[in-house]
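*Asks:* Show me the folded form of this:
(one chain, ligands or ions: 1)
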Amino acid sequence: MNLLRALDSRNVLYRQHQTNLNEISICCPFCEERKESEDTRFRLGINIQNGLAHCFNCGWKARAPYTWEALNRVFNVTLESAFGEVDVAQEEEEKEHQQIFEPLPQGFCLLRWQETLKAPLDEFEAAAKVYLERRGVTEKQVRQKKIGYCTSGKFAYRILFPVWDETKKFCGVVGRDWTGKQKLRYLNSKGLEKVFYNAHKMAKWTGQVHIYLAEGIFDALALERAGEKSVALLGSSLTESQLSSLQKFININLMADADGPGLVSILKTADILSDAEKRVKVIFPINGKKDAAEMLDGEIKKALTQNNYSYDAQLAFRIRHAEEKLKMGEKPFWA
Ligand SMILES: [Zn+2]
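*Replies:* Just a heads-up that it's a prediction; the model follows:
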């Protein structure tokens, strides 16, 4: 098995050294068992060529083959070196992937939620946490989805959401400004319009599942908290490669944003999915809320059962009409 693919398969993030591609770093999985504070800053360096590894936090050190044995134990993988068997087709695929997507940004750090005596949250972590709490994101989601932040480079002062595709390859990050002062609220690394946020979970879901397709990451996270299987579009409409990753699913539910651009995007996406012979439903927010992210769990559950409509030509007509009504400040049909 190849080390980088093995890390991806476990959703373990790694940074690559900018000039020496043989050097990577990960958040050290040994710090805590060595009674150090948890590493969220990628302090375990690993040379994938010779297997030398060293953590700058807990001091853990190893060389091959012990490095691979230790990683196998903590990540439950089967490495004998960093370069497992890779066939020609796989190699081509890897190359293509690297041309489309960017690696993890250099300044990425995992976000901590709880402060400890040894390591209190710094001002950036605290601000990012306040922002996420305000939007309903939970500690469990932060941990499971490896949500991070950055204070340098082009993603500075943004909360970063790592994205893996349905084969669990790392594809990049979505960066959300937490200061309210940056010109772009969202900044994505390149290529992300080809994949969904949360796509890495799709492989586990059977084709019978009712999958929820949301406009943004916070909507998908809200749907997930309400117990639904959800992914988020990472662009303004469904791309061809996103459509092909939905191949096995029949029932696709679109969670609408109750504003003009949201409705335009729903129409586009619903048309593409209907043409692909999917059974499409559209769900609208309730209680005057704008989107799933604004609703509480109970409200989402209510909207899913009471405010869902099968998509057909008639609904498309009503949605277009609703868009006009919203412009004039009038109530749309679902409110
Ligand atoms: Zn360590």
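*Asks:* List phi and psi for the residue in the stretch 151-300 of the chain that the ion sits nearest to.
*Replies:* Across the stretch 151-300 of the chain, the shortest distance to the ion (C-beta to the ion) belongs to P162, at 20.9 Å. Where you see a C-beta, it was placed from the backbone N, CA and C, and this is true even at glycine. Backbone torsions for P162, taken as degrees, to the nearest 10, come to phi -70, psi 150.
*Asks:* Isn't it up against E102?
*Replies:* No. The pair P162 and E102 does not pass the contact test of C-beta atoms under 8 Å, sitting 11.7 Å apart.
*Asks:* Common neighbours of those two, please.
*Replies:* Contact with both P162 and E102 is made by residues G172, according to C-beta atoms under 8 Å, 6 or more residues apart in numbering.
*Asks:* So which residues of the chain form helices?
*Replies:* 3-9, 66-75, 88-100, 123-134, 139-144, 217-225, 240-245, 260-275, 297-306, 313-327 (DSSP state H).
*Asks:* Dump the ones you listed to JSON lines, plus mean neighbour count, mean pLDDT and distance to G180.
*Replies:* Shown next, in JSON lines, are the helices of the chain (neighbours: other C-beta atoms under 10 Å; pLDDT from 0 to 100; distance: least, C-beta to C-beta, whole Å):
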{"stretch": "helix 3-9", "mean neighbour count": "20", "mean pLDDT": "92", "distance to G180": "33"}
{"stretch": "helix 66-75", "mean neighbour count": "17", "mean pLDDT": "96", "distance to G180": "38"}
{"stretch": "helix 88-100", "mean neighbour count": "11", "mean pLDDT": "91", "distance to G180": "31"}
{"stretch": "helix 123-134", "mean neighbour count": "16", "mean pLDDT": "96", "distance to G180": "9"}
{"stretch": "helix 139-144", "mean neighbour count": "14", "mean pLDDT": "96", "distance to G180": "20"}
{"stretch": "helix 217-225", "mean neighbour count": "24", "mean pLDDT": "97", "distance to G180": "15"}
{"stretch": "helix 240-245", "mean neighbour count": "15", "mean pLDDT": "96", "distance to G180": "30"}
{"stretch": "helix 260-275", "mean neighbour count": "18", "mean pLDDT": "95", "distance to G180": "20"}
{"stretch": "helix 297-306", "mean neighbour count": "16", "mean pLDDT": "94", "distance to G180": "25"}
{"stretch": "helix 313-327", "mean neighbour count": "14", "mean pLDDT": "94", "distance to G180": "25"}
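*Asks:* Can you add distance to the ion and give those helices back as JSON lines?
*Replies:* Formatted as JSON lines, the helices of the chain follow (distance: least, C-beta to the ion, whole Å):
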{"stretch": "helix 3-9", "distance to the ion": "16"}
{"stretch": "helix 66-75", "distance to the ion": "11"}
{"stretch": "helix 88-100", "distance to the ion": "29"}
{"stretch": "helix 123-134", "distance to the ion": "19"}
{"stretch": "helix 139-144", "distance to the ion": "18"}
{"stretch": "helix 217-225", "distance to the ion": "30"}
{"stretch": "helix 240-245", "distance to the ion": "36"}
{"stretch": "helix 260-275", "distance to the ion": "44"}
{"stretch": "helix 297-306", "distance to the ion": "37"}
{"stretch": "helix 313-327", "distance to the ion": "53"}
